[in-house]
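Visitor: curious how this folds, go ahead:
(chains A and B)
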Protein chains: 2
Amino acid sequence: MSARAGIVVTGTEVLTGRVLDRNGGFVSERLRELGIEHEHTLVVGDRPADMRDALGFLASRGVDLIVTSGGLGPTADDLTAEVIGAFQGREMVLDEPTEARIAEILAPMKERWPQLDMDAIREANRKQAVVPRGATILPPVGTAPGLVVPPADGRDGPTIVVLPGPPRELQPMWATAARTDAFRAATAGAHVIRQEMLRLFGIPESEIAATLRAGADDGLALDRLEITTCLRGGEIEIVTRFAPEDAGLYDDFVELIRARHADTLFSDDGTSVDEQVARLLGKSGRTVAVAESCTGGLVGGRLTQLAGSSSYFPGGLIVYSNEAKSSLAGVDPALIERVGAVSQEVAEALADGARAALGADLGLGVTGIAGPEGGTAEKPVGTVWFSVRDGAGHSLTRRVHLPGGRFDVRDRSTAVALHLLRRLLLGDND
Amino acid sequence: MSARAGIVVTGTEVLTGRVLDRNGGFVSERLRELGIEHEHTLVVGDRPADMRDALGFLASRGVDLIVTSGGLGPTADDLTAEVIGAFQGREMVLDEPTEARIAEILAPMKERWPQLDMDAIREANRKQAVVPRGATILPPVGTAPGLVVPPADGRDGPTIVVLPGPPRELQPMWATAARTDAFRAATAGAHVIRQEMLRLFGIPESEIAATLRAGADDGLALDRLEITTCLRGGEIEIVTRFAPEDAGLYDDFVELIRARHADTLFSDDGTSVDEQVARLLGKSGRTVAVAESCTGGLVGGRLTQLAGSSSYFPGGLIVYSNEAKSSLAGVDPALIERVGAVSQEVAEALADGARAALGADLGLGVTGIAGPEGGTAEKPVGTVWFSVRDGAGHSLTRRVHLPGGRFDVRDRSTAVALHLLRRLLLGDND
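Guide: The predicted model follows:
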């Protein structure tokens, strides 16, 4: 027994890359948690024929379930419900309770935008209450109801779960969808697959390839694990999927990685460096402040990403100009003149300045050349200095040369900053 | 004559959502610019059978070109070249010049990570030089070469362009691929489709639906334009694709939108609010500083996203704690005590404080409740105050209630901040 599913993400804005898809991955992970295999995600624009082709491909692969996202809005390019109804052989009908519910939801818009023509709005939204007869209707989170649509009586094929495009509507609605009888009936054959993740920082991906070969040479049956590695924001993630009975083999694999990469393996339980830093700061009761140049606030943005960050992050200084480095973080202008803004000395002075200005226990300084202009032979684009310091003489300062364009250098810099902070919190010291 | 293409994005990390795909959209846009139609993007994990299925689906749709991304790395799960070789009926052979080129590229790693076993690394990377016989080899940007692989002689089917997964490798390599004879031969039937974008801020999507119906009622042949709308970061994007001969009709459509939505239409030439703010600041020679609470640095991060931002952004203050609001931005602690940190008065005081601390012409203050904790009946999660002020009495201050979770509220806040700044720069004033 098994259960298999496919995903269809709709929307020309996703197909053409104006919006990055967050739904395919979310649904994929939820399917995995339920033990439902997932092999293909198809992205299609707002064209009925392309959507039908995508559904047909997945049905031809014999999946039990198809999950779609998007195309449930009020505009004419939102076609999903109608296409799915036809695909499943079900007539479209107006569902009056749903129409009434949408009207209720829209009422407060009148208050927010008093100049709106509410009749026109209601007409646009009535369309969202027209659904395939016999579908299970999932209550709207925004204004669009979701659907679970089995094939019409007497027909074979997958059951289709129809969800709205905005992630904040799709995610809560998923939980409702997965509890419906129609969903459970379609996925009754599911069996659980475990997934675990290791994270490493500061080594190239090819080293992992060498380790995997060494493990296989030593007789580990690694082909029974589905191991994938990927580079992400400067870290290497090793994700392994395996049947529950192979848990012992997975433990051996983790020991192999730990033995060969102890210095770079920083997470074996799925936690991110952000979560580890938050936990280390929380446990020690210490606070950290930042002074950022080339990252322009992104390190502060990242440190405040998690709820509860106010307990360890009082704030920081964005010191993009040299004047700001001096006036806000107290860096001696003569020092900048002598060694340059992108230097060990200025990174350390920024760390001390952040600490002093915010009254924090730790200070973190970042200064570098994000490009595309400003690089020199000695300090090419991508050169970034990082420093983390407390007031008791503990300090870690590093120069890193990051690859890629302006976006990559700035994004990668936030990762290096977090990792340096983590290491200082764990007791490392220059 | 026409030319059609499909995209296959590979990588379990993308299929399962750990990494958001940026390649599908990038390639889609480049195809469009070349006049090549694109209907489907398939996302598959690192499994040969799934990749073959995806290629087979696109070939069965009759596409002339398939573009793949990912799976060219040194680890064993990187299988793309081999799968494509087999799919096209071409034997895999070691290309010695490519092997030598990769060795050259890897040499400096020895310096960066002196403890590496270079023999193991070279072995891992030799794999990347094994390519389908007769393929056009695209020089590596990272360590992986790309490929343009036509079907073997005497076979029908699409030509396949094989590109690496990291966007900073894929993007420059695309240009090389598109110039090859094999690519041009496969896409000789291309004809150009125009695409234009309108951006609006501060109205619901259903208003656009009403406008489109009104236009059709007035006799505009809107069905000859492919119009799609999407919500993105609080903005509505209306993207229209049309044949060059329908340019006049598109102009009429823009006039329709302008007539009904003059106050919210802010871009008709594809420019983002970020680019408009940068241009307005650059033209006026003015500078802006920020003081951010709930966004924790993200507004500064966004204002420094574009190269050249140092000419108008000296820096800012991240004032996450109330103490920092007072000590850095000079907000009177008694004021915070009296009206609360999330209030009109504090937002204005932050704007003034940022301006003063950085010596900037304009100050931008942001203070709100990103959640999930901290909301009250009067100030629920999502309540954010924004203020932009110069030193000459010009000021715009707004309270907004943003939907969604912590991530959404913070992300959306950066958009509101940029739009408020844009309006002040255009001369709006409370």
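Visitor: for chain B, tell me whether the lengthiest helix in chain A is touching it.
Guide: Counting residues, the longest helix in chain A under DSSP state H turns out to be helix A:406-425. Yes: using C-beta under 8 Å from any C-beta of the partner chain, helix A:406-425 reaches chain B at A:406-408, A:410. (Glycine included, C-beta is placed from N, CA and C.)
Visitor: go on, stretch A:49-62?
Guide: Yes: Stretch A:49-62 reaches chain B (C-beta under 8 Å from any C-beta) through A:50, A:53-54, A:57, A:61.
Visitor: okay, and which of those map to strands?
Guide: Per DSSP state E, strands hold no members of those.
Visitor: if you rank the residues of helix A:406-425 next to chain B by neighbours, which is first?
Guide: The most crowded member of those, judged by other C-beta atoms under 10 Å in any protein chain shown, is A:Arg410 (25 neighbours).
Visitor: what about A:Gly316, distance to B:Gly393?
Guide: 30 Å (C-beta to C-beta, to the nearest Å).
Visitor: likewise for A:Val130?
Guide: 53 Å.
Visitor: those two: which has the busier surroundings?
Guide: A:Val130 (15 against 8).
Visitor: OK, contacts around that one?
Guide: Neighbouring residues of A:Val130 by C-beta atoms under 8 Å, 6 or more residues apart in numbering or on different chains: A:81-82, A:92-95.
Visitor: wait, is A:Val162 part of a strand?
Guide: Yes: A:Val162: assigned to a strand according to DSSP: H, G, I helix; E, B strand; the rest coil.
Visitor: so how many other residues sit close to the residue nearest to it when sequence neighbours are not counted?
Guide: Using C-beta to C-beta, 6 or more residues apart in numbering or on different chains and skipping the chain neighbours, the partner closest in space to A:Val162 is A:Leu147 (4.0 Å). Neighbourhood size, A:Leu147 [other C-beta under 10 Å]: 25.
Visitor: do you know how far A:Leu147 is from chain B?
Guide: Applying C-beta to the nearest C-beta, to the nearest Å, the value for A:Leu147 to chain B is 20 Å.
Visitor: which residues does stretch A:394-403 contact?
Guide: With C-beta under 8 Å, 6+ apart as the test, stretch A:394-403 has contacts from A:234, A:344, A:347-348, A:351, A:368, A:380, A:382-389, A:408-409, A:412-413, A:416, A:420, A:423-424, A:428-430, B:168.
Visitor: now, of those residues, which are buried?
Guide: Those of those that meet the buried threshold are A:234, A:347-348, A:351, A:368, A:382-389, A:408-409, A:412-413, A:416, A:420, A:423-424, B:168, by 16 or more other C-beta atoms under 10 Å in any protein chain shown.
Visitor: list the contacts of the one helix or strand the residue nearest to A:Val162 maps to.
Guide: Per DSSP states H and E: A:Leu147 is located in strand A:146-149. With contact meaning C-beta under 8 Å, 6+ apart, strand A:146-149 is reached by A:72, A:81, A:84-85, A:88, A:90, A:131-132, A:134-138, A:140, A:159-164, A:173, A:176-177, A:180, A:182-183.
Visitor: circling back to that earlier point, select only the buried ones of the contacts of A:Val130 in ChimeraX?
Guide: Here is the ChimeraX selection string for the buried members of those, based on 16+ other C-beta under 10 Å:
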select /A:81,82,95
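Visitor: next, format the contacts of A:Val130 as CSV and append distance to chain B, pLDDT and secondary structure.
Guide: As requested, these are exported to CSV (distance: C-beta to the nearest C-beta, whole Å; pLDDT from 0 to 100; DSSP: H, G, I helix; E, B strand; the rest coil):
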residue, distance to chain B, pLDDT, secondary structure
A:Ala81, 15, 93, helix
A:Glu82, 15, 93, helix
A:Met92, 18, 95, strand
A:Val93, 21, 95, strand
A:Leu94, 18, 93, strand
A:Asp95, 19, 93, coil
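Visitor: surely A:Leu200 touches A:Ile236?
Guide: Yes: the pair A:Leu200 / A:Ile236 is scored as a contact, 4.5 Å apart, by C-beta atoms under 8 Å.
Visitor: so what sits against both of those two?
Guide: In contact with both A:Leu200 and A:Ile236: A:Ile208, using C-beta under 8 Å, 6+ apart.
Visitor: what's the end-to-end length of stretch A:5-24?
Guide: 12 Å (C-alpha to C-alpha, to the nearest Å).
Visitor: and for whatever residue of the stretch 301-430 of chain A ends up closest to chain B, the neighbour number?
Guide: Distances between the stretch 301-430 of chain A and chain B by C-beta to the nearest C-beta are smallest at A:Thr304, namely 3.0 Å. Neighbour count of A:Thr304, defined by other C-beta under 10 Å: 26.
Visitor: got it, and A:Asp269?
Guide: 10.
Visitor: what is the three-state secondary structure of it?
Guide: coil.
Visitor: how much space separates it from A:Arg32?
Guide: Taking C-beta to C-beta, one finds A:Asp269 at 17 Å from A:Arg32.
Visitor: re earlier: in the contacts of A:Val130, find the pair that's most separated.
Guide: A:Glu82 and A:Asp95 (13.8 Å; C-beta to C-beta).
Visitor: so which bits of the helix or strand where A:Glu196 lies are buried?
Guide: The secondary structure element spanning A:Glu196 is strand A:194-201 (assigned by DSSP H and E). Buried residues in strand A:194-201, defined by neighbour count with 16+ other C-beta under 10 Å: A:196, A:198-201.
Visitor: average pLDDT across that strand?
Guide: Average pLDDT, strand A:194-201: 94.
Visitor: quick one: contacts of that strand?
Guide: A:32, A:208, A:234-244, A:247, A:250, A:254, A:257, A:261, A:264-268, A:270, A:272-273, A:415, A:419.
Visitor: which element follows that strand toward the C-terminus?
Guide: According to DSSP H and E, the helix or strand after strand A:194-201 is helix A:205-217.
Visitor: what pairs with the next helix-or-strand element following that next one, parallel or antiparallel?
Guide: As assigned by DSSP H and E, the chain's next helix or strand after helix A:205-217 is strand A:226-232. When pairs are called by DSSP bridges, strand A:226-232 turns out to pair with strand A:235-242 (antiparallel).
Visitor: the strand it pairs with: what's the following helix or strand?
Guide: As assigned by DSSP H and E, the chain's next helix or strand after strand A:235-242 is helix A:247-261.
Visitor: buried residues in that following helix, which are they?
Guide: In helix A:247-261, counting by 16+ other C-beta under 10 Å, buried: A:249-250, A:252-253, A:256-257, A:260-261.
Visitor: pLDDT of it, averaged?
Guide: So the average pLDDT for helix A:247-261 ends up being 96.
Visitor: packing partners for it?
Guide: Secondary-structure packing of helix A:247-261 (3 or more C-beta pairs under 8 Å, 6 or more residues apart in numbering or on different chains; DSSP states H and E): strand A:194-201, helix A:205-217, strand A:235-242.
Visitor: okay, these in CSV with distance to A:Glu323 next?
Guide: As requested, the helices and strands packed on helix A:247-261 are exported to CSV (distance: least, C-beta to C-beta, whole Å):
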stretch, distance to A:Glu323
strand A:194-201, 34
helix A:205-217, 41
strand A:235-242, 35
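Visitor: residue contacts, A:Val14?
Guide: Counting by C-beta under 8 Å, 6+ apart, the residues that A:Val14 touches are A:20-21, A:43, A:70, B:25.
Visitor: if you set the cut-off to 10 Å instead, what comes out?
Guide: Each residue near A:Val14 by C-beta atoms under 10 Å, 6 or more residues apart in numbering or on different chains is listed here: A:20-24, A:43-46, A:69-70, A:165, B:21, B:24-25, B:28, B:41, B:230.
Visitor: which of those are buried? Put it as a PyMOL command.
Guide: Restricted to buried positions by 16+ other C-beta under 10 Å, the PyMOL selection for the contacts of A:Val14 reads:
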select buried, (chain A and resi 21+22+23+24+43+44+45+46+69+70+165) or (chain B and resi 21+24+25+28+41+230)
